[in-house]
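Novice: Build me a model from this:
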Amino acid sequence: MELGFRLDRGSFQPLYVQIKEHLRRLIEKRLLLPGVKLPPSRDLALQLQVTRSTINSAYNALLAEGLVVSEVGRGTFVSGKAVPVSAPAREPRDAPESDSAGFMDWSQQFSRLGRLPEPSFWQGVEPYVLRPQTISFIGGVPDSALFPIDLFRRVLNTALKKEGKALLQYGNASGYPPLKRYLSTYLLSLGIEASERSILIVNGSQQGLDLLARVFLDPGDSVVVENPSYPGALDIFRSSRAELLPVPMGEDGLNRESLRRILQRQRPKFIYTMPTFHNPTGITLSADGRRELLDLAGQYQVPIVEDDYDGELRYEGPRLLALKGLDTSNLVIYTGTFSKILFPGLRLGWIVGAEPVMERLLVAKQISDLQTSPVLQAALFHFCRQGQLQKHMERIRKEYRGRRDLLLESLKKHMPSGVSWTRPSGGLSLMLRLPEPLSSLELLPKAGEEGVVFLPGPIFFAAGGGERDLRLSFSAVPAGRIEEGVRRLSRVVRRMISDYRHKTAKTQARERTPVL
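Specialist: Below is the predicted model of the structure:
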C-alpha cells in the first residue's frame, strides 16, 4: 500500500507523530476503512525512509487510541471504531476567498440548485445496515440471488461475437435499433403503440426523469406529484428549482378531486405519477381513476409523466393498461426500465412520447452522455429475443409474490392493534402506518438496535408529513428472514406504545394530584 505521504523532516513534530496523524486523518475520512490492513512496519519504513521503530511507535499510538488492532502473525488492521469528523461551521462570505490554509471555499462556487438529498438519514442508518445480522427492508430492489448471470454472460458473448467492432464504437444516440424494435412489440401488451422513432433508450428511468426535467422545467415552474412519491424524482424536480404541488393518495391512487382543484388554480408543466404499484405505497390506480386522470389532463392540457418502473411485477388481479395505452390525446410521456425486472446495474430504460417531445429529449440525451452502452443494449436484445426475459419474469413474480404474502401474514400475526398497512397487488414494497403519536424517525434507530431497518416516511413526502409512515420493501429480503424481521420490528413498536402509555398515565396522575 502506497500512502503518498511526505514527512516534514524540518518540523519540530516527531516523525512518528506525523505518521500517526496522517494515518489517523485517513481513517477519519474513511479512506482507510475498518478491516483494511496497514503496511507491514518494514515496508512502510522503507517507503518513508525511517527506522522500523519509528513506524512501530506510530502504530502503537494508533493502537492506544483504539483506531487500529494488532493481530499476532497477521499484522495491524483498521478497527471498527467510529471516529467522528468535526468541521467548524463557516459563515457565508460575500466573495470567494482563500482561508488561512489556502483552501478554496467551494460553497461559493456551486450553482444555486434546489434542495439536494440530505445525507443525514443514510449516515444514521448505515451502521445498522452493515451488520450482517440486520434484516433490511430498505431496498426496493431485485434480489441479486435470482439474477440469471450465466445466461446474461452468454448473450453478452453472443453480441460481441456478432457485432463486437460496431458495438464498441459510438452508437445510435436514440438507442440500439433491434432493442427499440423489440420494445415496440413488447409495449403492445400494455396497450402502447410506439414506433421506433417514438422510443428513446436511456441509462435507467432515473436518467429519463432527469432529461424530462431538463427539457420541461425552468426555475419557478411547478410539477404535480403524488404525496407520498419517489424521492429520486422529487430531488430531480427540486434541483431544477421547480415548485412541487403534492396531491394526496387515496385507496385507488392519487386523489382526482384534489388534482382538479390544483389545475383550476395553477398550470403545472406536467403531472408526475406512478399509477401501477406506486412507490412507496404499492397502490394501483383503478381503471376508472386512470380515465378520470386522463380526462383532467386533457381538459386542462397538462402532460402526464407516467413512471412504470415495476408494472410487470403483478401478483394478482387483472392487468390494467398503462395510461399511455389509454391516451388518445398524446399527452402521456411513458418511462420504463429493466432495473426492477432484471438487473439494476444494467442502467437501461426507455421513454416513449410524442414526436416533438422525443426530438427535444434526444438532444438533451446527446448533451448529457452521447449514448447508452450499445454493448449492453445488444446483449439485452439477445436475452429478450431468446425468450429469457419472459422466463425470468415468471420466476421472480412467483418468488416475490411469496415474499409479499409472507410479509402480509407476518404483519397480521405480530403487529399490535393500531398499526395499519397497504396491501399491494404487485411491486416491491408496501407502506405501514404507526398509531399516534409514534414517529418512524424515532422508531428507526431503536429498530436498528433490534436488528431491523426500513425507510422512514418523511423522505417520500414533498411538503412535510409522513412522520407515522414507513416503507417496507420485501423483494430483497430472503423469505426465511421476513417473519423474523417483522417480529423484531413489532417488538420495538409495542415497546414504544407501552412507553407512551406509561408516560401518559404518569402525566395524568400528576394532573389529578391536588396541590396542597
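
Novice: how about R197, what does it touch?
Specialist: E355, M358 (Cβ atoms under 8 Å, 6 or more residues apart in numbering). For the C-beta atoms, the positions are set from N, CA and C on the backbone; glycine is no exception.

Novice: whoops, I mixed them up, T281
Specialist: Residues touching T281, when contacts are defined by Cβ under 8 Å, 6+ apart, comprise P228, M249, T422, P424, L430, M431.

Novice: which of those residues sit farthest apart?
Specialist: P228 and P424 (13.9 Å; Cβ to Cβ).

Novice: quick revisit: what's the closest of the contacts of T281 to K165?
Specialist: K165 has its nearest neighbour among the contacts of T281 in P424, at 45.8 Å by Cβ to Cβ.

Novice: correct me, but that closest one touches G282?
Specialist: Yes: the criterion here is Cβ atoms under 8 Å, and P424 meets it with G282 at 2.6 Å.

Novice: shared neighbours of these two, which are they?
Specialist: Jointly contacting P424 and G282 under the rule Cβ under 8 Å, 6+ apart are L430.

Novice: Can you show me the strands along the stretch 301-450 of the chain?
Specialist: Secondary structure of the stretch 301-450 of the chain (DSSP state E, counting those that start in this stretch): strands located at 304-308, 332-337, 349-352, 420-421, 429-433.

Novice: What are the boundaries of the helices in the stretch 351-500 of the chain?
Specialist: All helices of the stretch 351-500 of the chain, identified by DSSP state H, counting those that start in this stretch, fall at 355-369, 374-385, 388-414, 440-450, 479-512.

Novice: Which residue lies nearest the spatial centre of the chain?
Specialist: Centroid check for the chain by Cα atoms, centre = their mean gives G232 as the closest residue, at 6.6 Å.

Novice: Which helix or which strand is home to it?
Specialist: helix 231-239 (DSSP states H and E).

Novice: Could I have the CA atoms of that helix written out in CSV?
Specialist: Output of helix 231-239 as CSV, limited to C-alpha atoms (Å, rounded to 0.1, in the frame of the first residue of the first chain):
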residue,chain,number,x,y,z
PRO,A,231,-37.7,10.6,-3.5
GLY,A,232,-35.4,10.3,-6.5
ALA,A,233,-37.9,12.1,-8.7
LEU,A,234,-38.7,14.7,-6.1
ASP,A,235,-35.0,15.6,-5.8
ILE,A,236,-34.6,15.9,-9.6
PHE,A,237,-37.5,18.3,-9.7
ARG,A,238,-36.3,20.3,-6.7
SER,A,239,-32.8,20.5,-8.3
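
Novice: Now do it, average pLDDT.
Specialist: Per-residue pLDDT values over helix 231-239 give a mean of 93.

Novice: Might you list the low-confidence residue ranges for the protein?
Specialist: Along the chain, the model assigns pLDDT under 70 to residues 81-102, 107, 109-126, 130, 513-516.

Novice: how's it carved up into domains?
Specialist: Here the chain is described, according to automatic domain parsing, as comprising the domains 15-78, 127-145+393-510, 147-389.

Novice: gap between the last one and the chain center?
Specialist: Averaging C-alpha positions (Cα atoms, centre = their mean, to the nearest Å) puts domain 147-389 16 Å from its chain's average.
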